[in-house]
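*Asks:* I'll drop the sequence and a predicted model, then ask my questions.
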Amino acid sequence: MKDIVVIDYGAGNVRSVSFALDRLGYKSELSSDENRIRSADYVIFPGVGHAKPAMDILEKKGLTDVIRTLKQPVLGICLGMQLMCNSSEEGSTQCLGIFDTEVKRFNPHLKVPHIGWNDLSSPSSFLENIVGQVYFVHSFYVPINPFTIAKCDYYGDFSAVIGKDNFFGCQFHPEKSGNVGQEILKKFLEIKQ
């Protein structure tokens, strides 16, 4: 039995993530308790909304250092992935600094937010044998960088998945990406500790 905690900090899609895990046959617990998060086998860090208020909530709940120092596999989703970077142009926000890269705003002349189904390219072994489209909803992006595992094209390439040590991030929403998203969540939950 896998012990999965979804970080519940008031910024996101925690219920849809929990339902996606249920569909895979995994039970998860929503928590913002430091000890509970640290004791889990796998941690999922979702997020929807604005970077600055989300970071403020994490600070108030005492979760910034907790997340930075986790040793088990951690998956950031959408805003959760962006918050694991150094900083975001959204509200000039200082973030967690797990990934040494910045979050940028899409060109305002583009249709923003970028919403819809897109292919992933340049997949690593983390996404081996994953074929199909995933669902994006975002106005900010992580540029291609040394931690990029998979990319997507929206008037130029951006990081769709990043990874470093035990930390992974998906800019898209695997919990809303049908069978492909389910497979990606399953791959994450198969990472050996």
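*Replies:* Done, it's in. Note that this is a predicted model, so its numbers are computed, not measured. Residues are numbered from 1 along each chain as shown.
*Asks:* mind listing the strands for this structure?
*Replies:* Listed in chain order, the strands of the chain (DSSP state E) span 4-7, 28-31, 42-45, 74-77, 85-88, 93-94, 99-105, 114-119, 133-138, 140-141, 148-153, 157-164, 167-170.
*Asks:* wait, which of the ones you listed is closest to residue 54?
*Replies:* Smallest distance to residue 54 across those (CB to CB): 8.3 Å, for strand 93-94. Using the backbone N, CA and C atoms, a C-beta is placed for each residue, glycine as well.
*Asks:* Given that closest one, what are its sheet partners and their directions?
*Replies:* strand 85-88 (antiparallel) (DSSP bridges).
*Asks:* Same question for the strand it pairs with: list its buried residues.
*Replies:* The neighbour-count check on strand 85-88 (16 or more other CB atoms under 10 Å) flags 85, 87-88 as buried.
*Asks:* nearest to residue 40, of the residues you listed?
*Replies:* residue 85 (22.6 Å).
*Asks:* In contact with the closest one: list those residues for me.
*Replies:* The contact partners of residue 85, taken as CB atoms under 8 Å, 6 or more residues apart in numbering, are 95-99, 101-103, 142.
*Asks:* and these, which are buried?
*Replies:* Buried members of the contacts of residue 85, counted by 16+ other CB under 10 Å: 95-96, 98-99, 101-103, 142.
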